[in-house]
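J.: Provided below for reference: sequence and predicted model.
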Amino acid sequence: HPAYQEAAAYINNQRFIRVVEQLEGLVVAQLFELAKANLMGTCYKMRKHISKAITRRSVAVHTALDKYNLLAPMQNLLRPRLEYHDVAGYGMLADFKLLKQSRHQINW
C-alpha cells in the first residue's frame, strides 16, 4: 500500500537524520576534546583524562559511522559513504560539508 510505503520512508528518513545529528555531535565533541588536549597549561592528569575520553569518543564515532553507512544507501537522495579517516580529518567545524549535505535534505 502507498500509505505504508510513505510511512516506512518517513521513519527511515527520521532514523537517518537522528544518526547524522548524533555523528555530528560526536565529531564536534571530539574536536573540542582534541583542542582542549593541546591547550597550554593543561596538566598531565587532565591530558591523560582527555586522552581516555578521546579514545572512548573514537569508538562511539565508529559506531555512529556504521549506522550512517547502513542507512545512507536507503535514502531518496544518494548519500556518500563515509569512512573514519574522512570524519577524523575534520580540523574545524567548517569542514562538515559531507554531513551538512545529509542533514534534512538541505545542501548548504
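T.: Nice, thanks for sending it over.
J.: so where do the helices sit in the chain?
T.: With DSSP state H as the criterion, the chain has helices at 2-37, 44-71, 84-88, 97-102.
J.: tell me the most buried of these?
T.: helix 97-102 (a mean of 18; mean count of other C-beta atoms under 10 Å). Any C-beta I mention is one placed from the backbone N, CA and C, and that applies to glycine too.
J.: just to revisit the earlier point, of all the helices of the chain, which one is nearest residue 77?
T.: With C-beta to C-beta as the criterion, residue 77 lies closest to helix 97-102 of the helices of the chain, at 8.6 Å.
J.: quick check: mean pLDDT of that closest one?
T.: Average pLDDT, helix 97-102: 52.
J.: distance to residue 78 added to the helices of the chain, as TSV?
T.: Shown next, in TSV, are these (distance: least, C-beta to C-beta, whole Å):
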stretch	distance to residue 78
helix 2-37	12
helix 44-71	12
helix 84-88	16
helix 97-102	10
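J.: those: lowest mean pLDDT?
T.: Across the helices of the chain, helix 97-102 gives the lowest mean pLDDT, at a mean of 52.
J.: measure residue 17 to residue 89 for me?
T.: With distances taken as C-beta to C-beta, to the nearest Å, residue 17 is found 23 Å from residue 89.
J.: closest to the centroid, which residue in this protein?
T.: The centre of the chain sits closest to residue 23, judged by C-alpha atoms, centre = their mean, with a distance of 2.0 Å.
J.: show the contacting residues for the nearest residue to that one once chain neighbours are set aside.
T.: Closest residue to residue 23 apart from its sequence neighbours, by C-beta to C-beta, 6 or more residues apart in numbering: residue 64 at 4.3 Å. Counting by C-beta atoms under 8 Å, 6 or more residues apart in numbering, residue 64 touches 19, 22, 23, 26.
J.: rerun at 10 Å
T.: Residue 64 sits next to 19, 20, 21, 22, 23, 24, 25, 26, 27, 82, 87 when contact means C-beta atoms under 10 Å, 6 or more residues apart in numbering.
J.: export those residues to CSV and tack on distance to residue 36?
T.: Putting the contacts of residue 64 into CSV (distance: C-beta to C-beta, whole Å) gives the following:
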residue, distance to residue 36
19, 26
20, 25
21, 23
22, 21
23, 20
24, 19
25, 16
26, 15
27, 15
82, 25
87, 19
